[in-house]
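[1] Quick one: sequence plus predicted model below, questions after.
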Amino acid sequence: MSTNTSLSLPEMMAIRNIATLIEISGGQPLDRIKMNLQLPKSQRISFKNLIKMGPKEFYSASLTSIVQRCIFYIPSIYFLGDYYDNNLSSRYKNNITENKNDEILTYDNLVKPLFISTFVFPHVAIFESLKADQQIKNIRNVNLTRHMINKYKMYGIRGVLPSTTATFLRESLFSAGICVFIPVYYNKLNNYSNSYSNSYSNINSYNTILAGIGAGITTQVISQPFDTIKTRQEYDCRYNFYQTSKHIYNQQGLKGFFCGLIPRVGRGMWTLGCLSYVTTHLTNFLEK
């Protein structure tokens, strides 16, 4: 994620929204499969029956995802990342103009994702809870605002925000994927490509995809336990982070935290690869 661009903020937000729409089109079915696998075994739908339900089932809650990811989620991550780089980073405070962003374990790379997640996780928790109700509880043909109000009346704030801790931890890692891992992997791939051969002028173009795929694998594997806990809390909002974690461990052991890992890694590879490639190339195209 680069802030060195001549494009305006509305132009960059439009580019990132286009990238997000493309991402949702391919990622939504994988998300539906992942959430099904994260449920208790007695509540899962067999993959065969899931297929029989047709494409509509795999794209359930798509409108919720579009509103969440295009209006709030992805733009917020990019905007807050840009804000941190331009106003709060150690480079900015020390007036360092050269940016050698080729290391992961730096102060800014550790703090920036936490800074971003602090602001994005509340609305993510609300939308993710709503999306889970639509996907795994089949709450679809109802007034969603009234549905959330009823959940609040029944369970209090936990009904609306059932997974704050798990969501915060998950979003910190996802933000790191966009703001830290993609730039670091991209720089390392470019350095390797340029030193290996100078005859391929377009090879750096493909590194945007590879960087996104690598960041997707890294962040999704590390954050998978938090995502599983989040889904379980959305399924049954009566239990807190610790209680849900204990319940998963007692039922399935450590492997229970990694249910749905394969489709989620696939989603992460697609998501970050898509966001990295589309954002970079649309930006370069409009700057010409």
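    Done, it's in. Numbering: from 1, shown residues only.

[2] The nearest residue to Phe72 once chain neighbours are set aside: neighbour count?
    Of all residues beyond its chain neighbours, the one nearest Phe72 is His123 (5.2 Å), with distances taken as C-beta to C-beta, 6 or more residues apart in numbering. Placement of C-beta: from N, CA and C, glycine included. Residues lying near His123 (other C-beta atoms under 10 Å) number 16.

[3] Show residues contacting stretch 226-239.
    Stretch 226-239 has contacts (C-beta atoms under 8 Å, 6 or more residues apart in numbering) with 34-35, 38-40, 43, 128-129, 132-133, 136-137, 151, 155, 158-159, 162-163, 166-167, 169-170, 173, 240-241, 244-245, 247-248, 256-260, 264.

[4] no wait, stretch 158-166
    Here stretch 158-166 makes contact (C-beta under 8 Å, 6+ apart) with 121-122, 125-126, 128-129, 148, 151-153, 155, 226-227, 229-230, 233-234, 237-238, 240-241, 244.

[5] picking that back up, ChimeraX command to pick out the buried ones of the contacts of stretch 226-239?
    Here is the ChimeraX command that picks out the buried ones among the contacts of stretch 226-239, judged by 16 or more other C-beta atoms under 10 Å:
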select :34,35,38,39,128,129,132,133,136,151,158,159,162,163,166,167,169,170,173,240,241,244,245,247,248,256,257,258,259,260,264
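
[6] Please flag which of the contacts of stretch 226-239 sit within helices.
    The helices, defined by DSSP state H, take in 34-35, 38, 128-129, 132-133, 136, 151, 155, 158-159, 166-167, 169-170, 173, 241, 244-245, 247-248, 264 from the contacts of stretch 226-239.

[7] follow-up on the earlier one: list the buried residues of the helix or strand encompassing the residue nearest to Phe72.
    Using DSSP states H and E, His123 falls within helix 107-136. For helix 107-136, burial by neighbour count (16+ other C-beta under 10 Å) applies to 108-109, 112-113, 115-117, 119-121, 123-136.

[8] One more: stretch 177-197?
    Going by neighbour count (16+ other C-beta under 10 Å), the buried part of stretch 177-197 is 177-190, 193.

[9] Lowest-confidence member of these, which is it?
    Least confident of those in the model: Ser193, at 75.

[10] Now do the host helix or strand of Arg16: distance to the chain's middle.
    Following DSSP H and E, one finds Arg16 within helix 9-38. Distance, stretch centre to chain centre, for helix 9-38: 9 Å (C-alpha atoms, centre = their mean, to the nearest Å).

[11] ok, now stretch 33-41?
    With C-alpha atoms, centre = their mean as the basis, stretch 33-41 stands 18 Å off its chain's centre.

[12] and the residue nearest to Ser6 when sequence neighbours are not counted, what does it touch?
    Nearest non-adjacent residue to Ser6, counting by C-beta to C-beta, 6+ apart: Glu287, 5.8 Å away. Residues in contact with Glu287 (C-beta under 8 Å, 6+ apart) are 5-7.

[13] same deal with Ile74?
    Taking C-beta under 8 Å, 6+ apart, we find Ile74 in contact with 16-17, 19-20, 275.

[14] rerun at 6 Å
    Going by C-beta atoms under 6 Å, 6 or more residues apart in numbering, Ile74 touches 16, 20.

[15] Could you report the distance from it to Lys41?
    Distance from Ile74 to Lys41, counting by C-beta to C-beta, to the nearest Å: 33 Å.

[16] Near Lys153, how many other residues are there?
    A total of 9 residues lie near Lys153 under the criterion other C-beta under 10 Å.

[17] If we ignore the residues flanking it in sequence, what's nearest it?
    Spatial nearest neighbour of Lys153, chain neighbours left out: Gly159 (7.9 Å); criterion: C-beta to C-beta, 6+ apart.

[18] Now Arg264: closest residue in space that isn't a chain neighbour?
    Lys34 (4.6 Å).

[19] can you pull the contacts of the residue minimising distance to the centre of the chain?
    Against the mean C-alpha coordinate of the chain, by C-alpha atoms, centre = their mean, the closest residue is Phe174 at 4.8 Å. By C-beta under 6 Å, 6+ apart, the contact set of Phe174 is Thr219.

[20] I'd like the distance between it and Tyr78.
    Relative to Tyr78, and taking C-beta to C-beta, Phe174 is found at 12 Å.

[21] Appreciated, that's everything.
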